[in-house]
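# here is my input; please provide its structure:
(chains A and B)
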Amino acid sequence: MSTFSTAATPSAARPSHARVALKVLGRFCRTQPLGAVALALILTMLVAGSFAPQLAPYDPLSASFTDVLLPPSAEHWMGTDNFGRDVFSRILHGTRPALLLGISTALIGSLIGAALGTASAYFGGRIDAVLQRTNDVLLSIPLIVAALVVVSVLGRWEVGGIDINLMIAITLPYIPVMARVMRTAALSVRLSPYIDAARALGFSHLRIMVHHMLPNLVSPWLVMVSAFTAQTILLEASLSFLGVGVHEPTPAWGLMLAGVSVETFTTAPWVVLFPGLAISLTVFSFSLLGDALRDALDPRTRH
Amino acid sequence: MLKFLLRRFVQFVFTLFCVATIIFFALRVLPGDPVEFKYVNEGGVISAEQLQAQRERFGYDRPLAQQYVSWIGGLTQLDLGTSIWSENPVSEEIGVRFGITIQLAVLALVIGLLFAIPLGVIGALTRGTWIDQVVRVLTVTGQSVPSFWLAMLILMALLLTLGWIPSVEAVQFQQQPWEYIGQIFFPALAVGWRLSSVNARLLRSSLIEVLSQDYVRTAHAKGVAPSRVVWRHALSNALLPTVTVIGIEFAGLLGGLVVTEQVFNINGIGRLLVQAISFNDLTLIQGLVMLFALIYVSVSFVVDLVQALLDPRIRVQ
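Below is the predicted model:
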């Protein structure tokens, strides 16, 4: 009886929620050790990015012509670049555009993709056919080519230091891919008897999709967001490397690798090594987390 | 089969037509004059009459609808228009650079499969053990490393060990075969490595599925040597899904080359695209996008055809 009374008051129910969350997290860490490592890495990067101005030992933008291309040392942990800027401070600050653009574009793209994919699977027939053919057409253009074209058409549009047009350029090419993934997941839900039951009860299409289908698509969506964040971070780095992504003077990892001459490869390898390691480690963490989530959430692969 | 071919061909033409339409209007959504851009960019002063004459020359003086009709009409005759930037026909600009990119892509595809098969087989056979985890980390790493950075690391390694890197100048195979192989091999390795990681993971999961099937158990029961069961009986079937996605991956491969060609200074179509974009050469951009779409659609067409030949169920679908 006492359990009933505690569950009835919201304040008492809260710790039990937290306990459930902790338990789920604990199980995830035990069954998916690699996923737990990835999660820890991502959290570390989020903290590092949030507190970059406080954590960075130097101003990432201050050039010093007496400290050009210094090797890693106690003062400059990752050396300095050809403008005498501290590489470590620039890497720390570079976490911000990478995570901000990567996570936001994956989130926005996956929400649009989920909406399109669910609608496509739910309605079927002509709507599904039109959406699928549109997808086929759009998928025939390589992602980076599509992103380059969007960037060149839209140019730059910065709001509060964030290039909105760059976000659009990274998000748009992924929408057909995400819509396809979500459609496949939604199709299996669509065939469940309870959807037919909901239709028989006369619920509206929107209500069935939002209240009955979407909650069952949270797991595949979560896996997709994590896996695609890895991809969007990689795409942003490539665009920045090509000089059409994040612009100077903002420190971004892809941009730090742009314009490095071949001579620098041997005379100052730290200029090349550390930004690439930062990109790889971040992308690696998100891919691994996506993988672990897939294993943990997919009942078929659960042993 | 004929009906299947016909339907697939109609789809082929329809997709290309849609891409042509989308890219044409996408590039012209925002106002801006690519011809004026060229002359202003070159720092030259140009009179209004001269500018008008240039516009007429490239066809940018006509109304949009007329430009669209001539763009589609030109496509049916494989005429992609004239590049504003170089003033040469777009098909000529592409023709000069197309060969090297295709060679790189095919070599990268081969490398992608060569590494993928052993990795995928090891992963599937040691499923759930620490070896599988190591393979998993390896393949996820391969997918995480940006190909342009891997390209830089390869150049760095070559400089440190051999003190040599492939020459920036394009060479012919007939004249300097080794130099040529070096020029092709290392960029292909940088792009192919990523592909092999993707393929290895795919192969692992499809091999696990195949290995649990009845006919594999039958083969084991018959007393077929375990290695033969894996390599002959199971792998040949497990490779099918991998081959199927090659069409999709080929597009990604070309995308990877867009960036990697920059690092190795290779004068391919990827580099041409980046140049076309920096010069705002709309005619060249739309021609290149059409080419990328054409390659993708053709490869998927061939893959579908091969599949239909192998599997009669697909034909009647």
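# from here on, contacts and neighbour counts on C-alpha atoms
Noted.
# give me the number of residues near the closest residue to residue B:28 other than its chain neighbours?
Excluding the flanking residues, the one nearest residue B:28 by CA to CA, 6 or more residues apart in numbering or on different chains is residue A:153, at 7.9 Å. Using other CA atoms under 10 Å in any protein chain shown, residue A:153 has 21 other residues around it.
# just residue B:25 next, same as before
Using other CA under 10 Å, residue B:25 has 13 neighbouring residues.
# mind listing what's buried in the host helix or strand of it?
Here residue B:25, judged by DSSP states H and E, is contained in helix B:2-27. Going by neighbour count (16 or more other CA atoms under 10 Å in any protein chain shown), the buried part of helix B:2-27 is B:11-12, B:15-17, B:19-20, B:23-24, B:27.
# what residue is smack in the middle of chain B?
residue B:254 (2.4 Å; CA atoms, centre = their mean).
# check contacts around that residue.
When contacts are counted by CA atoms under 8 Å, 6 or more residues apart in numbering or on different chains, residue B:254 touches A:142, B:101, B:105, B:270, B:292.
# cool, and residue B:126?
If you count contacts by CA under 8 Å, 6+ apart, then residue B:126 has residue B:132 around it.
# and what of residue A:83?
Neighbour list for residue A:83: A:63-65, A:67-69 [criterion: CA under 8 Å, 6+ apart].
# only the buried subset of those residues, as a ChimeraX command please.
With 16+ other CA under 10 Å as the criterion, this ChimeraX line picks the buried residues out of the contacts of residue A:83:
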select /A:63,67,68,69
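# name the nearest of the contacts of residue A:83 relative to residue B:71.
residue A:63 (49.3 Å; CA to CA).
# I'd assumed residue A:84 was in contact with that closest one.
Yes: assessed by CA atoms under 8 Å, residue A:63 is found in contact with residue A:84 at 5.2 Å.
# can you map out the helices along the chain?
With no chain named, the answer covers chain A. Using DSSP state H, the helices of chain A run over A:2-8, A:10-31, A:33-50, A:52-55, A:87-123, A:125-139, A:143-154, A:164-190, A:193-200, A:205-207, A:218-241, A:253-257, A:262-267, A:270-297.
# looking at chain B here, not the other one
Using DSSP H, the helices of chain B run over residues B:2-27, B:34-41, B:48-58, B:64-76, B:90-125, B:130-144, B:147-161, B:177-211, B:214-222, B:226-228, B:235-264, B:269-278, B:282-310, B:312-316.
# okay if I get the ones you listed as CSV plus mean pLDDT?
Listed next are these as CSV, based on pLDDT from 0 to 100:
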stretch, mean pLDDT
helix B:2-27, 90
helix B:34-41, 73
helix B:48-58, 78
helix B:64-76, 89
helix B:90-125, 90
helix B:130-144, 88
helix B:147-161, 91
helix B:177-211, 87
helix B:214-222, 87
helix B:226-228, 85
helix B:235-264, 81
helix B:269-278, 91
helix B:282-310, 87
helix B:312-316, 66
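# okay, now residue A:188: neighbour count?
With other CA under 10 Å as criterion, residue A:188 counts 11.
# just the pLDDT for it.
The model reports residue A:188 with a pLDDT of 86.
# who touches it in this structure?
Here residue A:188 is in contact with no residue (CA under 8 Å, 6+ apart).
# what residues does the stretch 1-150 of chain A put near chain B?
A:136-138, A:140-145, A:148-149 (CA under 8 Å from any CA of the partner chain).
# pick out the most distant pair among those.
A:136 and A:148 (19.4 Å).
# so for the two, which residue has more residues nearby?
residue A:148 (21 against 17).
# correct me if wrong: the more buried one contacts residue A:241.
No: the pair residue A:148 / residue A:241 is not scored as a contact, 11.9 Å apart, by CA under 8 Å.
# quick one on the thing from earlier: now pLDDT too, for the residues of the stretch 1-150 of chain A next to chain B, in JSON lines please.
Formatted as JSON lines, the residues of the stretch 1-150 of chain A next to chain B follow (pLDDT from 0 to 100):
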{"residue": "A:136", "pLDDT": "87"}
{"residue": "A:137", "pLDDT": "90"}
{"residue": "A:138", "pLDDT": "90"}
{"residue": "A:140", "pLDDT": "88"}
{"residue": "A:141", "pLDDT": "89"}
{"residue": "A:142", "pLDDT": "88"}
{"residue": "A:143", "pLDDT": "90"}
{"residue": "A:144", "pLDDT": "91"}
{"residue": "A:145", "pLDDT": "92"}
{"residue": "A:148", "pLDDT": "92"}
{"residue": "A:149", "pLDDT": "91"}
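# a markdown table for these, including distance to residue A:106?
As requested, the residues of the stretch 1-150 of chain A next to chain B are arranged in a markdown table below (distance: CA to CA, whole Å):
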| residue | distance to residue A:106 |
| --- | --- |
| A:136 | 20 |
| A:137 | 21 |
| A:138 | 18 |
| A:140 | 20 |
| A:141 | 19 |
| A:142 | 18 |
| A:143 | 14 |
| A:144 | 15 |
| A:145 | 18 |
| A:148 | 18 |
| A:149 | 19 |
